[in-house]
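Enquirer: could you look at this predicted model? Sequence included:
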Amino acid sequence: MYAGLAHATLSFLRAALTLEQADLRAAQESVQNSMAVSNRMRRQVSTAAMLARFLSPYSRTTDYDCYTDSQIHAELVNAESMLLHTLISFLADQSVICLIKGAFRIRTCHQRYKECIQILSSRQNWGSQEARRHFESGVRMGNGIFNLLMSYLPRRVLRFLEYVGFSGSRSTAISELESSIELADGLRSVLSALVILTYHSYVENLFGLGLYDEEKVRYLNEKFLATFKDSAFFLLFKGRYNQMIGNLDEALVSFQRCIDAQNDWKQFHSICHWEMMWCYSVRMDWLKAAHYANLLRAHSKWSPASYTYQYAAFLYEQLLQDQQEAKVSDEEYEKRLAEIGELMKSVPSLRIRYAGKTIPADKFAIERSIRFCNQNNGLTMPAMEFLYIWNIFCILKNNKPQVEKILKFIDQRRDQILGTTNPVGQSNRLTVGNNRSDKCTGGKFEQDNDGTLKPDESEPRPVGDSHASYNPEDLCIISLLKGMCHKHLCQFELAERCFQEVIDNREKIMEKQERFLVPHAAMELTLLKLDQMQYEEARVLIKSTRSEYTNYLLETIVHFRLHAASRVIRLATKTADFEASEDDHYLKGEEGN
């Protein structure tokens, strides 16, 4: 039974990494076999008993001491197999019917786990302590995972789900997973450790505030690498840990060791390539970053639109750098820019959907690639912009020298925009109506007779700037990125000024694709207030950001992080009601197409 579950789990992981139809079919078959075996080994009950269980699924009248250890474990294995079956079905078939079936399976799976919790608390007669320990390890892991997933939902949604038996306490989730890890030699101990590491290393960084338990991550890595020194999983998390504490050299070594550790699952290498790409991009080594982005394009099917956009963005940054350093002729420049333009043109055709939805990063890449093509093959700092989108700035807070280099790079690009008649790759001129404010980010501006923004003559400006025109959206992007650098350098006043500049230019941002800048700046200002423990101001900003901005790129990510911020405020101030009226905004996410 457990051999079948292990095979099903590995088949699922392989299919999730490759997304190949053959692997998906093999995983489905393996999971179904595991379910069939566990169903045969479960205790058979009468129709009357089944009806009683349906009406009162957690009734204490069931005598679980009458079950054998094998029958008890079959209940747990069946719940785990059902969860795997639901997940693999979502990847293989994204029809509406499949989604509806999947929702019912998840509920049934959760009911099985609840019954397992009841078994664990009430059963007294175990064949051996080993059987009890393995069972407890699995129950705590499953309960922890469900609580962790549910804890990221808004409180209003969670209250509704609690009526149908779900629960979502993050503290309970972490406690249950840690208890599973501490059960020595428990069958799920290693899996629970991987879940905890995934939560601290990835989930909280992308959907939360980037807060993680550094000591816990370090301890788990050291503990399990001491036992499994060549484990690709723990080498990956060791690299991620070094990345988060700002040690990029050690991170790159660990990721390469992870790649060298195994060749059976080459798609697992793609995770390392993804992380190595970000290591080189924060160093502004655009060619190496482009190399790993290109490997992702070739070997991973998860997000081809994003990979292609990133590859093109890194090549574009390298091209601008080469032009600035006079390393490229005009002819070579035009040729390489045209090649980058072709890559950008291909991005919209690479869209894929999961559960009927385009993932936020893909949607962002598609919109920005269209913007690039519409601007005569030009964008302002697309690589740095994507660093922000994936919250890579958050893991740079422990590497302040690198943040200072990035800030210097951003300032140089800002000076190029303000001091160049036709900024590299951009020949369009943005005009604004006479009813627009004269203020723009990056400096003081006034309007020319034709409505084109130009610098205020009272301000010093670079030589050769007499006919320059400026795109306020581009300057807002730069202000947002500068604000992130100042924030992680603990220069809070400068960071607040940058975020506020973006918000103040709300009326000037005309293009729909750029409207995401203002709510993202408002969110970052909220988190800045939170870092300074200015909870009341953060509370007001959360409410205004949720209510004033809708239908913009990456709206779901903003709401996830605002939800995480409201949770921190609630815990810090012991107020449990302030976000109840705003939770419905969370449900209006824009990633529906």
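Expert: Thanks, I have the structure now.
Enquirer: now tell me which helix or strand of the chain has the poorest mean pLDDT.
Expert: Using mean pLDDT, DSSP states H and E, the weakest-scoring helix or strand in the chain turns out to be strand 439-440, at a mean of 32.
Enquirer: domain assignment for the chain?
Expert: The record's domain parsing of the chain by automatic domain parsing lists 288-392, 515-593.
Enquirer: these: lowest mean pLDDT?
Expert: Confidence, taken as mean pLDDT, is least for domain 515-593 of the domains of the chain (a mean of 79).
Enquirer: thinking again about what came up before, next, format the domains of the chain as JSON lines and append mean neighbour count and distance to Glu222.
Expert: The C-beta positions use only the backbone N, C-alpha and C, and glycine is treated the same way. Converted to JSON lines, these look like this (neighbours: other Cβ atoms under 10 Å; distance: least, Cβ to Cβ, whole Å):
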{"stretch": "domain 288-392", "mean neighbour count": "19", "distance to Glu222": "25"}
{"stretch": "domain 515-593", "mean neighbour count": "18", "distance to Glu222": "28"}
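Enquirer: could you dump the ones you listed to a markdown table with distance to Lys229?
Expert: Putting the domains of the chain into a markdown table (distance: least, Cβ to Cβ, whole Å) gives the following:
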| stretch | distance to Lys229 |
| --- | --- |
| domain 288-392 | 25 |
| domain 515-593 | 35 |
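Enquirer: now what about stretch 386-404, what contacts it?
Expert: 205-206, 209-210, 243-248, 278, 281-283, 309-310, 313, 361, 364-365, 406, 480-481, 484-485, 487-489, 520, 554, 557 (Cβ atoms under 8 Å, 6 or more residues apart in numbering).
Enquirer: how about 6 Å then?
Expert: Here stretch 386-404 makes contact (Cβ atoms under 6 Å, 6 or more residues apart in numbering) with 205-206, 210, 243-246, 278, 282, 364, 484-485, 488-489.
Enquirer: returning to what we had before: for the domains of the chain, which one sits closest to Ile174?
Expert: domain 515-593 (13.6 Å; Cβ to Cβ).
Enquirer: who wins on neighbours among the contacts of stretch 386-404?
Expert: Met484 (28 neighbours; other Cβ atoms under 10 Å).
Enquirer: what pLDDT is listed against that residue?
Expert: Met484 is assigned 96 on the pLDDT scale.
Enquirer: do Gly144 as well
Expert: What the model reports for Gly144 is a pLDDT of 91.
Enquirer: ok, now the one 3 residues further on?
Expert: Taken from the predicted model, the pLDDT recorded for Asn147 is 85.
Enquirer: for it, give me its contacts.
Expert: Counted by Cβ under 6 Å, 6+ apart, Asn147 has contacts Ser167, Gly168, Ser169, Thr172, Ala173.
Enquirer: which one of those has the most neighbours?
Expert: Ala173 (23 neighbours).
Enquirer: count of residues packed around Gln129?
Expert: Neighbours of Gln129 under the rule other Cβ under 10 Å: 8.
Enquirer: residue ranges with poor pLDDT in the stretch 51-200 of the chain?
Expert: The model of the stretch 51-200 of the chain has pLDDT under 70 over residues 51-61, 94-96, 99, 154-167.
Enquirer: show me where it has its helices.
Expert: Under the criterion DSSP state H, counting those that start in this stretch, the stretch 51-200 of the chain contains helices at 69-92, 96-122, 129-151, 155-163, 170-182, 189-198.
Enquirer: so what does the last one touch, helix or strand wise?
Expert: With contacts defined as 3 or more Cβ pairs under 6 Å, 6 or more residues apart in numbering; DSSP states H and E, the secondary structure elements packing on helix 189-198 are helix 170-182, helix 214-227.
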